[in-house]
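Engineer: Predicted model follows, preceded by the sequence.
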Amino acid sequence: MPPAPLPPAPSAPRPKPNLGVVVFAHVPPPHHGQSYAVQLLLERLREPAPDSALPIEVFHVDARLSDDIEAIGRFQPRKILRLLRYCLQAIRLRLRHRARVLYYIPAAPMRSAVYRDWIVMALCRPFFPRIVFHWEAAGLGEWLLSSAKPWERALTHVLLDRHTLSVVLANHGASDAKALRARSVVVVPNGIPDPCPDYDSRLAPRRAARRNLLREAGSASGPLRFRVLYLSLCIPEKGLFDAIEAVAVANDRLARAGSSLRMELNVAGKFWKSEDQERFERRCREPDLRIPRSGGSGLDDSDPAVIYRGFVAKQEKVELFEASDAFVFPSYYSAESFGLALAEAMAFGLPCIATRWRHIPEMFPGAYPFLVEPKSPQAIAEALLQLASGPDVIGLRDHYLRHFTDRVYAEGLRAAFVQAAGS
């Protein structure tokens, strides 16, 4: 009798297939919130995936069109040649690695940026079965309705409509996705690595001691500065001049009340236009933006109430956040979406004064008391004076840890890419 056949050897588990994603977006430089968010995305998605997750293989097209902040949004013929080269690079990655998903950041509501989107989608979209739009800027849907010419509106819909998935930073951003008829929409707020991991042991006690000092400012014998930080692109629409006027108003009220306390505004960021920098420097020289020294009189015995720090990064930026008492971000910028600087300020435990504008209110806990209307220096001044009285810290540090870390951000985007692949 022939021997019974041996049972088949157990087959080795089949490896999970990778999901290929081509990220068509630039990283710093130039350094701004959008380019930094892309850098974080690449770093986190290239880390090993959890065992239960679909592995994602990321290919990057560093689609940098502007070499510096000043060139952003301005037409230059060389940008077209660069863009064509980047599109060919994306197509090669698709064909060589069978990457099915194209990740792309749609335009801010500016005509030249919309034309850029047309070129990319006309060349790349036929090759990619899945298109993911990540809305780092807001307002394109409004621009199409109110400012675009009929033929521009029609061509935008032909080339960008019915994409696979829109990733928006807040519920407010869903209007842009719906304007371009996204097949699916998910909300994934941006996030940043914790810049102050030792906050509880080192910075929290300093914040508490500082609040106690501010509460006693009325009895202090010498001048005391309430240090306010503005960190963003230095343009009027980001609220720079509203912050300056608010400091002037607050200092006038403090002087009239006989207080020794004064507001000091530190401005960090780059100017986009030379005329804005000239206006800034001219305004900062005026007498109502000077702080008298103890016992002094006149401009020669005073210090500036507004100090320009220029572009800051790494340790210099950390030191500014740690030395500040409050953060101000009174933006009414047309493409404003998610202010990464607000997340940074929260991580450092700073109370924030911000505007009720586009996505910004959704970044804060419900009933947050220091949101003001756009273009309202008087309201900003009132909020500064309330904060300068040394109230108990508002729990924005905990809010950051729950919602805006880079890990939360990466998990949300990983899930979005998997959803897009399965659509």
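Structural biologist: Everything's here; your move. Numbers count the residues shown, from 1 in each chain.

Engineer: Which residues outside the helix or strand Leu40 falls within are in contact with it?
Structural biologist: Secondary structure from DSSP states H and E places Leu40 in helix 33-45. The set of residues that contact helix 33-45 without belonging to it, under CB atoms under 8 Å, 6 or more residues apart in numbering, is 21, 23, 25-29, 56, 58, 60, 105, 136-137, 190-193, 338-341, 406-407, 409-410, 413-414, 417. The way it works is simple: take the backbone N, C-alpha and C, and place the C-beta from them, glycine included.

Engineer: any low-confidence regions in the stretch 51-200 of the chain?
Structural biologist: Scanning the stretch 51-200 of the chain for pLDDT under 70 picks out 51-53, 67-75.

Engineer: rerun at 90
Structural biologist: 51-56, 65-79, 107-110, 112, 136-139, 172-173 (pLDDT under 90).

Engineer: My read is that Leu340 contacts Ile192, right?
Structural biologist: Yes - taking contacts as CB atoms under 8 Å, Leu340 lies within contact range of Ile192: 6.2 Å.

Engineer: residues touching the closest residue to Arg290 other than its chain neighbours, list them.
Structural biologist: Nearest residue to Arg290, sequence neighbours excluded (CB to CB, 6 or more residues apart in numbering): Ser302, at 3.9 Å. Residues counted as contacts of Ser302 (CB under 8 Å, 6+ apart) are Arg290, Ile291, Pro292, Arg293, Gly296.

Engineer: now, which of the residues you listed lie within strands?
Structural biologist: The strands, defined by DSSP state E, take in Arg290, Ile291, Pro292 from those.

Engineer: Quick check: of those, which has the highest neighbour count?
Structural biologist: The residue in the ones in strands among the contacts of Ser302 with the most neighbours, by other CB atoms under 10 Å, is Arg290 (20 neighbours).

Engineer: for that one, what are its contacts?
Structural biologist: Contacts of Arg290 (CB under 8 Å, 6+ apart): Leu299, Ser302, Asp303, Pro304, Ala305.

Engineer: who's Tyr104 bridged to?
Structural biologist: Beta bridges link Tyr104 to Phe24, Phe133, judged by DSSP bridges.

Engineer: Quick check: the gap between it and Ala248.
Structural biologist: Tyr104 sits 43 Å away from Ala248, going by CB to CB, to the nearest Å.

Engineer: follow-up on the earlier one: if burial is judged by neighbour count, which of the contacts of helix 33-45 pass?
Structural biologist: Buried residues within the contacts of helix 33-45, defined by neighbour count using 16 or more other CB atoms under 10 Å: 21, 23, 25-27, 56, 58, 60, 105, 136-137, 190-192, 338-341, 406, 409-410, 413-414, 417.

Engineer: related to what we said a few turns ago, rebuild the ones in strands among the contacts of Ser302 as TSV, extending it with pLDDT and distance to Ala326.
Structural biologist: Output for the ones in strands among the contacts of Ser302, formatted as TSV (pLDDT from 0 to 100; distance: CB to CB, whole Å):
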residue	pLDDT	distance to Ala326
Arg290	94	21
Ile291	92	17
Pro292	86	22
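
Engineer: Turn the residues you listed into a markdown table, including distance to Ile80.
Structural biologist: What follows is these, written out as a markdown table (distance: CB to CB, whole Å):
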| residue | distance to Ile80 |
| --- | --- |
| Arg290 | 49 |
| Ile291 | 50 |
| Pro292 | 55 |
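
Engineer: Of these, which is the nearest to Ala323?
Structural biologist: Distance to Ala323, by CB to CB, is smallest for Ile291 among the ones in strands among the contacts of Ser302, at 16.5 Å.
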